[in-house]
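**Student:** My questions concern the predicted model and sequence given below.
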Amino acid sequence: MKDEAAALTATNLKNALWDTLQDLQAGVVQPGQGDAIAAQAREILRTVKVQLQVANQTQRSVSLDVVNFAEK
């Protein structure tokens, strides 16, 4: 079973972005690294959005993975 801290959830994504922002401000992370992390986060959110749109347009239920991502 996956470790809760390593699981891909909206909360963990938000926390990773916040930690990255703080590390950028402290000079621990280089701007290029911060940009790469933000780009990955945007792609994850874009993918979830498309999955929700497809489920809505096809009148199908939302994937359990998407629900788990959003709820945790």
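**Tutor:** Great, that's in hand.
**Student:** Okay, buried residues for stretch 59-71 please.
**Tutor:** V66, F69 (16 or more other CB atoms under 10 Å). (Each C-beta comes from the backbone N, C-alpha and C, glycine too.)
**Student:** What of stretch 48-60?
**Tutor:** For stretch 48-60, by 16+ other CB under 10 Å, it's V48.
**Student:** What lies in contact with it?
**Tutor:** S61, V62, S63, V66, F69, A70 (CB atoms under 8 Å, 6 or more residues apart in numbering).
**Student:** Let's have those in CSV, adding distance to V48, pLDDT and secondary structure.
**Tutor:** Shown next, in CSV, are the contacts of stretch 48-60 (distance: CB to CB, whole Å; pLDDT from 0 to 100; DSSP: H, G, I helix; E, B strand; the rest coil):
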residue, distance to V48, pLDDT, secondary structure
S61, 15, 93, coil
V62, 10, 92, coil
S63, 9, 90, coil
V66, 6, 92, helix
F69, 6, 91, helix
A70, 7, 89, helix
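**Student:** mean confidence score for the strand or helix carrying R46?
**Tutor:** Element membership for R46, per DSSP states H and E: helix 31-57. Across helix 31-57, the average pLDDT comes to 95.
**Student:** what about the residue nearest the centre of the chain, which SS state?
**Tutor:** Centroid-nearest residue in the chain, with CA atoms, centre = their mean: L13, separated by 4.3 Å. Assigned by DSSP: H, G, I helix; E, B strand; the rest coil, the conformation of L13 is helix.
**Student:** what's the spacing between it and I37?
**Tutor:** Relative to I37, L13 is positioned 10 Å away (CB to CB, to the nearest Å).
**Student:** give me the element the residue in the chain sticking out farthest from the centre is part of.
**Tutor:** Most distant residue from the mean C-alpha position of the chain: Q59, 24.6 Å away (CA atoms, centre = their mean). Assessed by DSSP H and E, Q59 sits outside every helix and strand.
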